[in-house]
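Asker: Need coordinates for the following:
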Amino acid sequence: MMIKNFTDSLGNSISLSDRTKMQEMIQGFQVMQSIFAATKLGLADILRDGEQSYNELAALTDTDSDALYRLLKALSGVGIFTEIQPGYFQNTSLSTCLFNEYGSMRNYILSQGEIGYACWGELIHSIYTGKSSSAYLYGMERIEYFRQNESLCKIWDGLNFDLSVPQSFAILNAYDFSSSQTIVDIGGGLGVLLAFILHKYSTVKGVLFEQPSPIKRAQDLLTREGLLDRCELVEGDFCESVPGEADVYLLKNVLPMFKDQIAIKILNNCYRVMTKGTKLLVIERVIGKSRWTDNFSNLNSLVLSSGKFRTEDEFRQLLESVGFKIVNIIPTESVISIIECIP
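Answerer: A predicted model of the protein is given here:
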């Protein structure tokens, strides 16, 4: 093609603003990896006490000073750190997200950098096969890979705790558990939600149903919270069976890890042990029409675990196929909703 024809064609097809926007989106992985590197190096924590030169930071982190300077300059351009004078940097409100403390986003950033980034690098595999790229890369799903790696398991537990605390606040603000007697949390992780419920409702008893590894770590948390005498710990596989003899059953962020076939198996196991007057609360993100992030979360579920998030209509079809009736869908202050069901 002649250069004149090429430039004429280019001018007619792609505007400068669209080209710039597309370039920014494509380069998003560079920003993400820069944030991950800064978090792993602990730069924000070092800068808690005030400004430091990049040479001082390089000495403290055992990094190349020129390379670190480039990293700091790049992150300052997106509001993470600020160069207050040539070669000297300090924290911003945004860089506090990197702090190594509760309430920060450190565990989320590390999990995305350690696992999410690599898995998304094989997105095309998931698109071709409909299966997770985690299993393709590591020979197992993400959660199992985390559990077999001590350092990643620590990040995973921290991430779950960081996410569960604000979600548990939102759930308790939206739903009244005062009439409940025994609550079974199926696949309840470290037991954070149950701990919140048991603290607020002193007459309620809990059952945490999980696999052996998280059960052991949940025992430590519930012991520290002084709740172990009111919470039974039961080991098992929710794809095989779930405990009975409760009046409320919780499935929080469990079903998005699975396709419909396995989700139906889990729901059937719940349905078998439930009786008249009992409730199932499915607590997770319901895909809406207005949040573009929902669609990326749905894609992320495929990439990381071969699972999926669902729309309200998809939930109705899924739950009704087992025999459940949706009584109410209750929004919360967070992105998750409470789907209240009866058998």
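Asker: So which bits of stretch 274-282 are buried?
Answerer: Neighbour counts using 16 or more other CB atoms under 10 Å place Met274, Thr278, Lys279, Leu280, Leu281, Val282 of stretch 274-282 among the buried residues. For the C-beta atoms, the positions are set from N, CA and C on the backbone; glycine is no exception.
Asker: Could I get the full set of strands for the chain?
Answerer: 52-53, 82-85, 88-90, 182-186, 205-210, 231-235, 248-252, 279-287, 310-311, 325-331, 336-342 (DSSP state E).
Asker: Max pairwise distance over the buried residues of stretch 274-282: which two?
Answerer: Spatial extent of the buried residues of stretch 274-282 (CB to CB) is set by the pair Thr278 and Val282 at 13.8 Å.
Asker: okay if I get the strands of the chain as CSV plus distance to Ser17?
Answerer: Below are those laid out as CSV (distance: least, CB to CB, whole Å):
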stretch, distance to Ser17
strand 52-53, 38
strand 82-85, 28
strand 88-90, 32
strand 182-186, 49
strand 205-210, 50
strand 231-235, 56
strand 248-252, 42
strand 279-287, 30
strand 310-311, 33
strand 325-331, 36
strand 336-342, 36
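Asker: Cys119 is nearest to which of the ones you listed?
Answerer: Comparing the strands of the chain by their distance to Cys119 (CB to CB), the top pick is strand 279-287, with 19.1 Å.
Asker: who does that closest one pair up with?
Answerer: Note on strand 279-287: by DSSP bridges, its sheet partners are strand 248-252 (parallel), strand 310-311 (parallel), strand 336-342 (antiparallel).
Asker: most neighbours per residue, which of those?
Answerer: Per residue and on average, the most neighbours among the strands paired with strand 279-287 fall to strand 248-252, with a mean of 25 (mean count of other CB atoms under 10 Å).
Asker: and the angle for that one with strand 205-210?
Answerer: If you take axes from the mean of the first three to the mean of the last three CA atoms, to 10 degrees, strand 248-252 sits at 40 degrees to strand 205-210.
Asker: re the thing from before, to Asp260, which of the strands of the chain lies closest?
Answerer: strand 310-311 (8.7 Å).
Asker: Which segments of this protein make up each domain?
Answerer: For the chain, automatic domain parsing gives the domain ranges 26-100, 176-342.
Asker: can you list those in TSV and add distance to Glu150 and mean pLDDT?
Answerer: As requested, the domains of the chain are exported to TSV (distance: least, CB to CB, whole Å; pLDDT from 0 to 100):
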stretch	distance to Glu150	mean pLDDT
domain 26-100	17	97
domain 176-342	11	95
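Asker: any chance of the ones you listed in CSV, with distance to Ser132 too?
Answerer: As requested, the domains of the chain are exported to CSV (distance: least, CB to CB, whole Å):
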stretch, distance to Ser132
domain 26-100, 19
domain 176-342, 4
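Asker: Tell me which of those lies nearest to Thr129.
Answerer: domain 176-342 (9.2 Å).
Asker: Can you measure across that closest one, start residue to end residue?
Answerer: Distance between the two ends of domain 176-342: 16 Å, counting by CA to CA, to the nearest Å.
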